[in-house]
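Asks: 3D model of this:
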Amino acid sequence: MFKTILNMLAGALIAAAVGAAFAVTGNPPVNGFQTPDGTWLLGLAGGQNYAYQYGITAAGTTQATATPLPAGVYLLEADTVAASTGVNLPTCVPGTQIILYNNGAQTLTVYPAVANNPATAAQDTINNNTTLPSGLATHVQIAFACVKAGVWSAS
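Replies: Numbering: from 1, shown residues only. The predicted model follows:
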């Protein structure tokens, strides 16, 4: 019996290596209520099946009126960006990472969340500023990471 378990484990490891090598993404569970596809899970474990959202329209000219970005989404693309419009990052929770791509025609203004962070009772910051200082140029991406509650790091 022990040998059978070892053989099954070895087979699973080989299948995982082959699946990752061919970058197959599989089919995600529908609305989270379906049994996950094994290939999709391998893609998720290999960093290929991140949650993404595109078609975001930047709005507003202040932090209070900017478009809020959804929490729990790793890859985001702003497709409609007019002059001086912006987006708000979600609340900075340690361990959160976001990649934001500006596919719009103008520089995108990026603000931290409007509401105070519940963990710090203060406004979040981006590189210790109240906004991304130079904005996000058109056709450029930036990575945000939250290591400490309330403090987004942008690079």
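Asks: Just the mean pLDDT for stretch 98-117, thanks.
Replies: Averaging pLDDT along stretch 98-117 yields 96.
Asks: So which bits of that stretch are buried?
Replies: Buried residues in stretch 98-117, counted by 16 or more other Cβ atoms under 10 Å: 98-104, 106-113, 117. For every residue, glycine as well, the C-beta is placed using N, CA and C.
Asks: So which of the residues you listed belong to strands?
Replies: Ile98, Ile99, Leu100, Tyr101, Asn102, Thr109, Val110, Tyr111 (DSSP state E).
Asks: any idea how far the spatially most central residue of the chain lies from Asn127?
Replies: With distances taken as Cα atoms, centre = their mean, the chain has Tyr74 as the residue nearest its mean C-alpha position (1.4 Å). Relative to Asn127, Tyr74 is positioned 20 Å away (Cβ to Cβ, to the nearest Å).
Asks: which residues touch the residue nearest to the centre of the chain?
Replies: Listed by Cβ atoms under 8 Å, 6 or more residues apart in numbering, the contact set of Tyr74 reads Tyr50, Ala51, Tyr52, Gln97, Ile98, Ile99.
Asks: okay, those in JSON lines with distance to Gln34 next?
Replies: Conversion of these to JSON lines gives the following (distance: Cβ to Cβ, whole Å):
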{"residue": "Tyr50", "distance to Gln34": "19"}
{"residue": "Ala51", "distance to Gln34": "16"}
{"residue": "Tyr52", "distance to Gln34": "19"}
{"residue": "Gln97", "distance to Gln34": "26"}
{"residue": "Ile98", "distance to Gln34": "27"}
{"residue": "Ile99", "distance to Gln34": "27"}
